[in-house]
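Visitor: Predicted model and sequence follow; I will ask about them next.
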Amino acid sequence: MKSIGYTPDCGTCNYLFLTLSKIGQFGEAVEVLKGMGRAECVPDCDNYGGLIAELSEARKVDAVAEVVREMM
């Protein structure tokens, strides 16, 4: 987005993050989550909870554990 001159805000990051999670693009969703700080957005419990829910539904137990560790 920045390459085309657009600076994402928290709403954009949340929408992108949740959409990627819903379609199973978990690696990309995690990258957006990690990059939210560059957009001056702090991931909150809703972000982490949404990702954990989607990962759990996809039975990605190791990924859930990694996200929980990152939250702490």
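Guide: Arrived safely.

Visitor: what's the burial count for Asn47?
Guide: One way to gauge burial is a neighbour count; for Asn47, by other Cβ atoms under 10 Å, it gives 23. Glycine gets a C-beta too; all of them are placed from N, C-alpha and C.

Visitor: buried ones in the helix or strand where Leu55 lies?
Guide: Using DSSP states H and E, the secondary-structure element containing Leu55 is helix 45-57. Residues of helix 45-57 classed as buried: 47, 50-52, 54-55 (neighbour count, 16 or more other Cβ atoms under 10 Å).

Visitor: Show me what the helix or strand following it is packed up against.
Guide: Tracing the chain past helix 45-57, the next element assigned as helix or strand by DSSP H and E is helix 61-71. Here helix 61-71 is seen to pack against helix 45-57 when contacts are counted using 3 or more Cβ pairs under 8 Å, 6 or more residues apart in numbering; DSSP states H and E.

Visitor: can I get the CA coordinates of the helix it packs on in PDB?
Guide: These are the backbone C-alpha positions of helix 45-57, laid out as PDB (Å, rounded to 0.1, in the frame of the first residue of the first chain):
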ATOM      1  CA  CYS A  45      -7.200  -8.700  22.100                       C
ATOM      2  CA  ASP A  46      -9.800  -8.600  19.300                       C
ATOM      3  CA  ASN A  47      -7.000  -9.000  16.700                       C
ATOM      4  CA  TYR A  48      -5.300 -11.800  18.500                       C
ATOM      5  CA  GLY A  49      -8.500 -13.500  19.400                       C
ATOM      6  CA  GLY A  50      -9.700 -13.400  15.800                       C
ATOM      7  CA  LEU A  51      -6.500 -14.900  14.600                       C
ATOM      8  CA  ILE A  52      -6.500 -17.600  17.300                       C
ATOM      9  CA  ALA A  53     -10.100 -18.500  16.400                       C
ATOM     10  CA  GLU A  54      -9.400 -18.900  12.700                       C
ATOM     11  CA  LEU A  55      -6.200 -20.800  13.400                       C
ATOM     12  CA  SER A  56      -8.100 -23.100  15.800                       C
ATOM     13  CA  GLU A  57     -10.800 -23.700  13.300                       C
END
